[in-house]
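K.L.:
structure for this input, please:
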Amino acid sequence: MSSVIDTVPLIELCAVTKTYGSGLAAMQALRGIDLRIHQGEFVAVMGASGSGKSTCMNILGCLDTPTTGSYLFQGIEVGLLDRNQRALLRRHYLGFIFQGFNLLNRTSALENVELPLIYRGTAIALRRRAARRALQAVGLSDWENHTPGELSGGQQQRVAIARAIVTEPVVLLADEPTGNLDSARSVEIMELLTSFNRNQGITVIMVTHEAEMAAYARRIVHFKDGLIAGDHAQEVNN
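P.N.:
Model prediction:
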């Protein structure tokens with residue numbers, strides 16, 4: 001499968017700024033960035049703390065909105081959507097993976113994976129079947145009845161990935177997905193993300209501080225002081 005399967009960008013940011021606060025307390029997190037990401041890309045987003053990369057990811061995930069500029073998703077101006085419409089975009093097109101896993105502690109792996117489908121109103125039999133498929137995809141079919149406390153860190157992140165893919169998203173947004181894992185578990189998680197990108201065509205956008213993890217991506221975007229300081233493709237061996 002081609003890494004870029006469409007000439008029209010899946011995601012496009014045009015002259016996007018983001019300012020928090022006002023007057024003397026104003027802090028400009030983004031200073032006018034332009035970014036295009038096509039369907040099927042695997043992009044690593046890097047930069048120091050405070051560089052703007054997390055703000056950019058929040059905007060891409062419809063968790064925040066630009067102060068000025070525009071965000072287009074599949075050619076649709078996200079800024080023209082109301083809150084409910086943005087929620088629907090998140091629910092039906094985006095999957096989220098977090099550094100801290102964000103699993104419900106007293107809930108089984110299967111039930112954690114089902115959560116996005118509950119929000120969609122999916123019937124119990126359908127969501128249970130989809131959750132089992134997602135757990136199988138991350139190699140955890142035998143662990144569906146275990147709670148997060150009964151799982152290793154790597155297994156918890158696999159559950160979180162299963163929860164992110166159970167809705168069959170167009171885009172996976174991963175925020176430091178290996179930040180709480182040792183090197184062996186980190187490699188396992190990166191191989192999973194790579195397989196979803198390569199085999200299913202899911203677009204992956206990943207924030208990371210780790211060059212070893214960014215090496216799995218086919219493109220690296222560097223943020224510095226609220227601007228994109230570098231954007232280049234790279235060869236990968238996986």
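
K.L.:
switch to C-alpha atoms for all contacts and neighbour counts from now on
P.N.:
Fine.

K.L.:
phi first, then psi, for the residue nearest the centre of the chain.
P.N.:
By Cα atoms, centre = their mean, the mean C-alpha position of the chain lies nearest to residue 173, the distance being 0.7 Å. Here is the backbone geometry of residue 173 (degrees, to the nearest 10): phi -110, psi 110.

K.L.:
distance check, it against residue 141.
P.N.:
Distance of residue 173 to residue 141, given as Cα to Cα, to the nearest Å: 24 Å.

K.L.:
what of residue 13?
P.N.:
Residue 13 sits at a distance of 39 Å from residue 141 (criterion: Cα to Cα).

K.L.:
what about these two, which has more around it?
P.N.:
Neighbours were counted for residue 13 and for residue 141 using other Cα atoms under 10 Å; residue 13 has more, 23 against 16.

K.L.:
tell me if I'm right that that one and residue 34 touch.
P.N.:
Yes - using Cα atoms under 8 Å, residue 13 is in contact with residue 34, at 5.1 Å.

K.L.:
what stretches of the protein score poorly on pLDDT?
P.N.:
Along the chain, the model assigns pLDDT under 70 to residues 1-6, 237-238.

K.L.:
how about the helices in it?
P.N.:
Along the chain, counting by DSSP state H, helices occupy 53-60, 83-93, 109-120, 124-137, 153-165, 183-200, 211-214.

K.L.:
so which of those helices comes closest to residue 225?
P.N.:
Residue 225 lies closest to helix 53-60 among these, at 9.6 Å (Cα to Cα).

K.L.:
contact partners of the closest one?
P.N.:
18, 29-30, 45-47, 64-66, 71, 173, 207, 223, 226 (Cα atoms under 8 Å, 6 or more residues apart in numbering).

K.L.:
make it 6 Å
P.N.:
Defining contact as Cα atoms under 6 Å, 6 or more residues apart in numbering, one finds that helix 53-60 is touched by 64, 65.

K.L.:
run the chain-centre distance for it.
P.N.:
In terms of Cα atoms, centre = their mean, to the nearest Å, the centre of helix 53-60 is found 10 Å from the chain centre.

K.L.:
over to stretch 218-233?
P.N.:
Offset of stretch 218-233 from its chain centre (Cα atoms, centre = their mean): 17 Å.

K.L.:
ok, and for it, which residues are buried?
P.N.:
Using 16 or more other Cα atoms under 10 Å as the test for burial, stretch 218-233 gives 218, 219, 220, 221, 222, 223, 224, 225, 226, 227, 228.

K.L.:
and which of those residues is nearest to residue 235?
P.N.:
residue 218 (6.3 Å).

K.L.:
report the contact partners of the closest one.
P.N.:
Applying Cα under 6 Å, 6+ apart, the residues near residue 218 are 42, 233, 234.

K.L.:
go again using 7 Å as the cut-off
P.N.:
Neighbour list for residue 218: 42, 43, 233, 234, 235, 236 [criterion: Cα atoms under 7 Å, 6 or more residues apart in numbering].

K.L.:
how near is residue 61 to residue 24?
P.N.:
29 Å.

K.L.:
about what we covered before: just send the contacts of residue 218 back as JSON lines, with distance to residue 88 too.
P.N.:
Formatted as JSON lines, the contacts of residue 218 follow (distance: Cα to Cα, whole Å):
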{"residue": "42", "distance to residue 88": "24"}
{"residue": "43", "distance to residue 88": "24"}
{"residue": "233", "distance to residue 88": "32"}
{"residue": "234", "distance to residue 88": "34"}
{"residue": "235", "distance to residue 88": "35"}
{"residue": "236", "distance to residue 88": "34"}
